[in-house]
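S.K.: Sequence plus predicted model, see below.
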Amino acid sequence: MHQHENAAEFHPSKDDVFGRIASRYDFLCDLFSLGIHRLWKRRMAIVIAEESWLTLLDGATGTGDIILRVLSHKLPVSRRITASDLSHEMLTVAKRRLGARSQVQLEQLDAEEMSSVASDSVDAYSISLGLKICDRNKALAEALRVLRPGGRLIILEASNIPWPFAHRMYLAYMVLCMPAIGWLATGGDSSAYRYLLAGIREFPGAELLAEELRAAGFIDVAFERLSLGIVAIHTGRKPAYDA
Ligand SMILES: C[S@@+](CC[C@H](N)C(=O)[O-])C[C@H]1O[C@@H](n2cnc3c(N)ncnc32)[C@H](O)[C@@H]1O
């Protein structure tokens, strides 16, 4: 088991970085990923939309980017989505972007402790680019608890390029360029890229995360690398019956 359960060492009670950058978050995503996050999110939304669920809970939803894309798949109206985030400011942006859609409800939830969500109550749980800034042991335990037996977990997160030299080059590029770009774009608010860099460096590779998911209790664990492995989409299922 990986030692740093919170890869980015992000503690929301100490630093409200997402509150500060909420209105610039989408611009920063484009900048930091050179726009490529749009491809990852499009793929993530396809994986989510193709799954059969009536209730979806999206954790750490941010500005609602994934849910907007899921909705573009013209879902049957019987499908219900809860888009949740810890940050009130992020949810305010999400609310503006998602508009008044009866299919979607917004909720302020801590992915590490979603006590207001009943156990075994959601068909699918998704989290995009959020697991590396949470204590992922807690977040995965909560995902497993709220999913109904047989329910589906879908994660988009930073990963590893499977060729070690290429992965080291990618990290070196990020370490060199990110602070300069990030400092300029945020007007000197270094938090935004510090957590991102730490999270990318410390988050487990795809095989290791798959192992962690199995150790956490998920079955049918699989993953798909995107952009050579810079990110990956992991899926898993809560066992249908207690063993
Ligand atoms: C990098 S953003 C990802 C946003 C969005 N899912 C996306 O793909 O663009 C991370 C989000 O996680 C939220 N967050 C951080 N810690 C959290 C926690 N413990 N529980 C729920 N959300 C959290 C932040 O407020 C932020 O909106």
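M.R.: Alright, I've got the coordinates.
S.K.: For the protein, just list every one of the strands.
M.R.: 55-59, 80-85, 104-108, 122-128, 147-158, 219-226, 231-237 (DSSP state E).
S.K.: Which one, of those, ends up nearest to E5?
M.R.: Nearest of these to E5, taken as C-beta to C-beta: strand 147-158 at 13.6 Å. All C-beta spots, glycine's among them, are computed from the backbone N, C-alpha and C.
S.K.: Just give the nearest non-adjacent residue to whatever residue of the chain ends up closest to the ligand, would you?
M.R.: Among all residues of the chain, G62 sits closest to the ligand, at 2.4 Å; criterion: C-beta to the nearest ligand atom. Leaving aside its chain neighbours, G62 sits nearest to M90 (5.2 Å; criterion: C-beta to C-beta, 6 or more residues apart in numbering).
S.K.: from what I can see that neighbour touches Y25, true?
M.R.: Yes: under the criterion of C-beta atoms under 8 Å, M90 makes contact with Y25 at 7.0 Å.
S.K.: any chance you could map the helices in the protein?
M.R.: Using DSSP state H, the helices of the chain run over 17-21, 25-33, 37-50, 65-71, 88-98, 136-146, 164-186, 191-202, 206-216.
S.K.: and the shortest one, what's its mean pLDDT?
M.R.: Meaning helix 17-21. For helix 17-21, mean pLDDT is 84.
S.K.: So that helix, near the ligand or not?
M.R.: Yes: Helix 17-21 lies within reach of the ligand by C-beta under 6 Å from any ligand atom, at F18.
S.K.: got the CA positions of that helix in PDB?
M.R.: C-alpha atoms of helix 17-21 as PDB (Å, rounded to 0.1, in the frame of the first residue of the first chain):
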ATOM      1  CA  VAL A  17      -7.000  27.300  -2.700                       C
ATOM      2  CA  PHE A  18     -10.000  26.000  -4.700                       C
ATOM      3  CA  GLY A  19     -12.200  28.800  -3.200                       C
ATOM      4  CA  ARG A  20      -9.600  31.400  -4.300                       C
ATOM      5  CA  ILE A  21      -9.200  30.000  -7.900                       C
END
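S.K.: Fine by me, thanks again.
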